[in-house]
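In: Sharing a sequence plus its predicted fold:
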Amino acid sequence: LSFTTQAQEPEKFNYDESQVGTYILPPLLQTPDGKKITSSTQWNTQQRPALLKLFADNVYGRLPGKPTGMHYKVISEDKSALGGKAILKQVTIYFTPADTGASMDVLLYLPKQAKGPVPVFAGLNFKGNHTVHPDPQIKITSRWVANDKNAGITGNRANKQTRGLQASRWVVEEIIARGYGLATAYYGDLEPDHPEGYKTGIRTQLSKNLKIQPNEWGAIGAWAWGMSRMLDYLETEPAVNVKKVALQGHSRIGKAALWAGANDTRFAMVISNESGEGGAALARRWYGETVARLNEAFPHWFSPNYKKFDNKPNQMPVDQHQLLALVAPRPLYVASAQEDQWSDPKGEFLSAQATNPVYALFGKSGITAAEMPGLNQPVGETVRYHNRSGKHDVTLYDWQQYLDFADKHFRQTQ
Ligand code: GTR
């Protein structure tokens, strides 16, 4: 294995393709103990559990199951939201038998004119459900939120001026017009995104005596876990086609979405929007963000074991193409943005493309293109990729591609 460049200059970040260096990715079709994988059955029974364990032990930490006593309470329901086009429902998921303590508020939009249960996009948001759409009936989160001078958020509390602040990232009207529902919750309901956040988040709330172990889940694990709990709730909602729930996540929440989608095969589709390092991008490619920098800037995101690979990504027993492959044979969308070189668009493309042999085991074709496509040119069948022009963000263009992808995979079989 040669991966010398980064070891020599760990403090710098590389944006020069000629400096990426050479690397060998851990094999997809060979188990950690050396057995060849030649069928989808072997993949499902041997490689899949082996890889999930490696990612849990070395990257994201262990992931607990569904807690007993979990229950739901409807906070509000509006049968004529969005000018009569949608049903809006707000539901609290309580993670314990009590109606106090650990909980998550889900905002659910469903198209009003649906003929039966609808496919739904699900995902966590960065700033509270009230930022997803300006509708004044959406509950303003009372949890910790990151301060944001531009948005007037101070004292780590949300305010009503931030209603609809992130509406451009959720395009609710477009999703509803295309016949899909949207379920979202604030990621801070699961864990406030700062190094001390776990003390008030579910990692502490759900375990009486949290002692952080080397393979303990981090914030990304907590967010991923919450995504599965949102799906548990959606399973109880008759208007939702629970066989057609697409999990979407942007950036750090995209890392969590990939981890949730890898573990929880009930998600019928997984969408990574610029998830970058620790998400879709290959760790061994020295370009943009690095494992060391992730762990330094965000020490609470991953399991403590992940820190062992700071400046030594070539020593990890896994790389991120294996995480993407854990979505197989389900449809997977990996999206980059050109001005977001920090996330390493090419590393995201190569990682998505590397999953092809696993999709092939299931008789599916993944990324059909041999080369990275030009800007705004989605490529691929069951695995699709695009590199959008513009900045690190989620835009209408991104959603239009996700909706087209969902139409292709969800509507054909209806
Ligand atoms: C950056 C971080 C990225 C990505 C991003 C985001 O600061 O380095 O890995 O997660 O934040 O979540 O927007």
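Out: Structure's in. What do you need? Just so we're clear, the structure is a prediction, and the values are computed from it rather than from any experiment.
In: so how many other residues sit close to the closest residue to residue 70 other than its chain neighbours?
Out: Using C-beta to C-beta, 6 or more residues apart in numbering and skipping residues adjacent in sequence, the residue nearest residue 70 is residue 95, 5.6 Å away. Just so you know, the C-beta spots here come from the backbone N, C-alpha and C atoms, and that holds for glycine as well. As a burial measure, residue 95 scores 23 neighbours (other C-beta atoms under 10 Å).
In: my guess is residue 125 contacts residue 188, does it?
Out: No - between residue 125 and residue 188 no contact is recorded; they are 9.3 Å apart, counting by C-beta atoms under 8 Å.
In: The two: who's more crowded?
Out: residue 188 (26 against 23).
In: Is the more buried one located within a strand, as I assumed?
Out: No - if the criterion is DSSP: H, G, I helix; E, B strand; the rest coil, then residue 188 is helix and not within a strand.
In: gap between it and residue 269?
Out: 25 Å (C-beta to C-beta, to the nearest Å).
In: just residue 388 next, same as before
Out: With C-beta to C-beta as the criterion, residue 388 and residue 269 are 19 Å apart.
In: same thing with residue 283?
Out: From residue 283 to residue 269 the distance is 24 Å (C-beta to C-beta).
In: more neighbours, those two?
Out: More neighbours surround residue 283 than the other of residue 283 and residue 269, with 26 against 23 (other C-beta under 10 Å).
In: Could you tell me how many residues sit around the closest residue to the more buried one other than its chain neighbours?
Out: Of all residues not flanking residue 283 in the chain, residue 313 sits nearest, at 4.1 Å (C-beta to C-beta, 6+ apart). Residue 313 has 22 neighbouring residues, counting by other C-beta under 10 Å.
In: my guess is residue 313 meets residue 281, correct?
Out: No - judged on C-beta under 8 Å, residue 313 makes no contact with residue 281 at a distance of 10.7 Å.
In: Just list the residues touching residue 65, thanks.
Out: By C-beta atoms under 8 Å, 6 or more residues apart in numbering, the contact set of residue 65 is empty.
In: just the one 5 residues further on next, same as before
Out: Listed by C-beta under 8 Å, 6+ apart, the contact set of residue 70 reads 93-96, 229, 232.
In: which residues in the stretch 1-150 of the chain form helices?
Out: 4-8, 40-42, 48-55 (DSSP state H, counting those that start in this stretch).
In: Just give me the residue right at the centre of the protein.
Out: When C-alpha atoms, centre = their mean is applied to the chain, the residue found nearest the centroid is residue 257 (1.8 Å).
In: what is the rounded mean pLDDT of the host helix or strand of that one?
Out: Using DSSP states H and E, the element containing residue 257 is helix 251-263. Mean per-residue pLDDT for helix 251-263: 99.
In: who touches the next helix or strand after it?
Out: Scanning forward in sequence from helix 251-263 by DSSP H and E, the next helix or strand is strand 269-273. For strand 269-273, contacts defined as C-beta under 8 Å, 6+ apart pick out 121, 244-251, 254, 257-258, 261-262, 279-280, 324, 327, 330-335, 348, 394, 398, 402, 405-406, 409-410.
In: for stretch 189-203, same thing?
Out: In contact with stretch 189-203 (C-beta under 8 Å, 6+ apart) are residues 95, 102-105, 124, 141, 143-144, 146, 187-188, 204, 210, 216-219, 221-223, 225-226, 252, 299-300.
In: any idea of the mean pLDDT for it?
Out: Here the average pLDDT along stretch 189-203 is 97.
In: Restricting to C-alpha, output that stretch in PDB.
Out: Provided in PDB are the C-alpha atoms of stretch 189-203 (Å, rounded to 0.1, in the frame of the first residue of the first chain):
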ATOM      1  CA  ASP A 189     -33.900  16.300  18.900                       C
ATOM      2  CA  LEU A 190     -31.600  13.300  18.900                       C
ATOM      3  CA  GLU A 191     -28.300  15.000  19.800                       C
ATOM      4  CA  PRO A 192     -27.300  18.700  19.800                       C
ATOM      5  CA  ASP A 193     -24.500  19.100  17.400                       C
ATOM      6  CA  HIS A 194     -21.600  20.000  19.600                       C
ATOM      7  CA  PRO A 195     -19.000  18.100  21.700                       C
ATOM      8  CA  GLU A 196     -21.100  18.200  24.900                       C
ATOM      9  CA  GLY A 197     -24.300  17.600  23.100                       C
ATOM     10  CA  TYR A 198     -24.500  13.900  24.000                       C
ATOM     11  CA  LYS A 199     -25.100  14.800  27.600                       C
ATOM     12  CA  THR A 200     -28.600  16.000  26.800                       C
ATOM     13  CA  GLY A 201     -29.100  13.800  23.700                       C
ATOM     14  CA  ILE A 202     -30.500  10.300  23.400                       C
ATOM     15  CA  ARG A 203     -27.100   8.600  23.900                       C
END
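In: just use 109 as the starting number from now, easier for me
Out: I'll keep to 109 as the first residue from here, and by that count the last item is stretch 297-311.
In: Now the longest helix along the chain: average pLDDT?
Out: Across the chain, the longest stretch assigned as helix under DSSP state H is helix 327-342. Per-residue pLDDT over helix 327-342 has a mean of 98.
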